[in-house]
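Student: Compute the structure for the input listed below.
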Amino acid sequence: MDARRQGQQALARVRAGAWSVAQCGLAAAVAWAFSVHVLGHPRPFFASVAAIVALGLRAGQRLRRTAELAVGVALGVLIGDGFVGLVGQGTWQIGVVVSLALLIALAVGGSGLIVTQAGLQAVFVIALPRTPHSGLNRWQDALVGGAVALAVAAGLPDDPWREARRLRSTYALELARVLRDAAAGIAAGDSVRTLAALERGRALEPVLTRWQDALFTGRETTRISPLRTDRSQFWSDTQRLTVGMSRATRNLRVLVRRSVAALQDGQPLPTCLPSLLEELAPAVPADGTDSIEPLLELAGRLDPVALGAGTLAGQVVVGQLRVAVVDLLEGLGIEHDRARNALPELAR
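Tutor: Just a heads-up that it's a prediction; the model follows:
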């Protein structure tokens, strides 16, 4: 069973990376062919290297990252070949040329990617045998490889929204797990278990950041690629959802944190709170086809008096749950007034 599962996981990884592999292979071949047949360079090593390094296999990377890597490769090759032409190759030359490449990359305002690649490619230049006119040729090859990588990334992109969809699902499933863990801890009167759910909720912030980054990457790709016209609807819907989910998560963390304090202090919480959290968990939007009905139905029952929220702690947690449900409804496109009106009026 373990071998079968490992095989399935390996196949899934291959499928997920197949398009990126095809992009790298195509870019390496096109860059090599251009340098050989158009520029007349006999062995354009750096054309293919620059194309592969700039594209990479990282899903959902920004075009800006591809451009930065291409610039770093070209800069390192230029500096390395220029220095080798003056002082030759050797041990101390490697140390000097790498330092020089890094300093120049920093001086021109290069990002970390540009600086790192400048140093790495300078090492390649020092290590490889030098031939007549190889300096200019190798720099031209690096430029060709970077340009081809950008063209492939922009012209033949993978599904621009795949990573955003995956992270949306991951975030929703993790938030649902936080709710279930918190419900179990509160039902058991276990503050330690409930606190563990709170820590899991706090750990969602990096996932949200990656989700938002993937969303902006997808929008960038659809703006540039001539083959991608699916630009507006997914972007606007998911951008709205990220805002709603982020707000809901913050309010739910307050709910769980207040529940932990109440359990530690021996303050009573509404007995129905665990079941409400369990009910909310599957209603967290996960795949873009979510119905608003479960959230609307839950919202209609969030009356603090009817739920027995007679203590300050009870009123706080029910109040936070009310706000979180409204946040999720707004994330799904429900207007604020309609979402608020789905809640029972508070007793005055």
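
Student: Out of the helices and strands in this structure, which is least certain?
Tutor: helix 112-127 (a mean of 70; mean pLDDT, DSSP states H and E).

Student: Output the contacting helices and strands for that one.
Tutor: Here helix 112-127 touches helix 45-55, helix 63-87, helix 91-107, going by 3 or more CB pairs under 8 Å, 6 or more residues apart in numbering; DSSP states H and E. For the C-beta atoms, the positions are set from N, CA and C on the backbone; glycine is no exception.

Student: of these, which approaches residue 293 most closely?
Tutor: helix 63-87 (39.9 Å; CB to CB).

Student: if we can go back for a sec, and the helices and strands packed on helix 112-127, which is most packed in?
Tutor: With neighbours defined as mean count of other CB atoms under 10 Å, the helices and strands packed on helix 112-127 peak in mean count at helix 45-55, which reaches a mean of 27.

Student: how about the residue nearest to residue 319 when sequence neighbours are not counted, secondary structure?
Tutor: Leaving aside its sequence neighbours, residue 319 sits nearest to residue 304 (CB to CB, 6 or more residues apart in numbering; 7.2 Å). Using DSSP: H, G, I helix; E, B strand; the rest coil, the structure places residue 304 in coil.

Student: measure residue 304 to residue 81 for me?
Tutor: Plainly put, residue 304 is 73 Å away from residue 81 if you go by CB to CB, to the nearest Å.

Student: same thing with residue 52?
Tutor: Relative to residue 81, residue 52 is positioned 20 Å away (CB to CB).

Student: And for residue 255?
Tutor: Applying CB to CB, the value for residue 255 to residue 81 is 61 Å.

Student: and if you look at residue 199?
Tutor: Counting by CB to CB, the gap from residue 199 to residue 81 is 52 Å.

Student: Any idea how far stretch 255-267 is from the middle of the chain?
Tutor: In terms of CA atoms, centre = their mean, to the nearest Å, the centre of stretch 255-267 is found 33 Å from the chain centre.

Student: Repeat that for stretch 82-90.
Tutor: Centroid separation for stretch 82-90 versus its chain: 42 Å, with CA atoms, centre = their mean.

Student: could you give the mean pLDDT of it?
Tutor: Here stretch 82-90 scores 71 as its mean pLDDT.

Student: likewise stretch 222-236?
Tutor: Mean predicted lDDT for stretch 222-236 stands at 66.

Student: Kindly check the end-to-end length of that stretch for me.
Tutor: Its first and final residues considered, stretch 222-236 spans 13 Å by CA to CA, to the nearest Å.

Student: The one helix or strand residue 18 maps to: which residues count as buried?
Tutor: With elements taken from DSSP states H and E, the one containing residue 18 is helix 2-37. Buried residues in helix 2-37, counted by 16 or more other CB atoms under 10 Å: 19, 20, 23, 24, 27, 28, 30, 31, 32, 34, 35.
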